[in-house]
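Asks: predicted coordinates and the sequence they were generated for:
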Amino acid sequence: MTTLRSEARRRRAVATLGAVSAGLLVLAACDKPTPLATITVGSDSVSSETDCYGDGKTVATAELSKCLQGKDMKSITVDPDETVRFGVDPEIADEGWTILMNGQPLTESSKKTYRTVPGSVFFNAQYGAQGNTTVVSVREGENKVTGLWSFKLKKDA
């Protein structure tokens, strides 16, 4: 009887060890997600990861151009009278980040996780806006670009 119990314990231990090993293999195969950037207008929000992320290394200029013209860019409708709120994960804030409008810096670099900009800025020709849509990006990095998250802002008619 003791032999049956010890064999059962041994089988359970081997099964547990196998399950833990399989779990570790699955976790090792997973890619770490990129940090998120979020834009909020009123009660609507849109968040995005990015393909243009160097995880501390400089992103190539050719890659940045693709990200500024991405076809899968998330979009949000903006009433020019509303405030547009930008939020970034602490990982992005630690590196410093800038808001770009149509590829040009709109703000100074910041290490805060949250910033606001009046909605009217994104559709004002004085700031380089053209038409009823604007591409807005969050650029990670102060001296080098280590990440770029882009969104399309659509003017609320």
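Replies: Received it, and whenever you're ready, just let me know what you need.
Asks: ok, residue 53 - how many residues close by?
Replies: For residue 53, the neighbour count with other C-beta atoms under 10 Å is 21. C-betas here are computed from N, CA, C, even on glycine.
Asks: I figured it hits residue 147, correct?
Replies: Yes. Contact criterion C-beta atoms under 8 Å: residue 53 and residue 147 qualify, at 4.5 Å.
Asks: quick one: low-confidence parts of this protein?
Replies: Within the chain, the stretches with pLDDT under 70 are 1-31.
Asks: show me what contacts the one residue sitting closest to the centre of it?
Replies: Taking C-alpha atoms, centre = their mean, the centroid of the chain lies closest to residue 36, which sits 2.8 Å from it. Contacts for residue 36 (C-beta atoms under 8 Å, 6 or more residues apart in numbering) come out as 47-49, 88-89, 149.
Asks: change it to 7 Å
Replies: With C-beta atoms under 7 Å, 6 or more residues apart in numbering as the criterion, the residues that contact residue 36 are 47-49, 89.
Asks: tabulate these (a markdown table), appending distance to residue 78, neighbour count and secondary structure.
Replies: Below are the contacts of residue 36 laid out as a markdown table (distance: C-beta to C-beta, whole Å; neighbours: other C-beta atoms under 10 Å; DSSP: H, G, I helix; E, B strand; the rest coil):
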| residue | distance to residue 78 | neighbour count | secondary structure |
| --- | --- | --- | --- |
| 47 | 16 | 14 | strand |
| 48 | 16 | 17 | strand |
| 49 | 22 | 14 | coil |
| 89 | 22 | 17 | coil |
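Asks: got the residues you listed as CSV, with distance to residue 129 columns?
Replies: Below are these laid out as CSV (distance: C-beta to C-beta, whole Å):
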residue, distance to residue 129
47, 23
48, 21
49, 26
89, 27
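Asks: now for these: which two are most distant?
Replies: Checked with C-beta to C-beta, these reach their widest spread between 48 and 89, with 11.4 Å between them.
Asks: show me where the protein has strands.
Replies: For the chain, the strands defined by DSSP state E cover 37-41, 44-48, 52-53, 74-78, 83-88, 97-101, 104-105, 114-118, 133-140, 147-155.
Asks: okay, now residue 84: neighbour count?
Replies: When neighbours are counted by other C-beta under 10 Å, residue 84 registers 24.
Asks: is it true that it touches residue 39?
Replies: Yes. Using C-beta atoms under 7 Å, residue 84 makes contact with residue 39 at a distance of 6.3 Å.
Asks: need the overlap of contacts for those two.
Replies: Contacts common to residue 84 and residue 39, judged by C-beta under 7 Å, 6+ apart, are absent.
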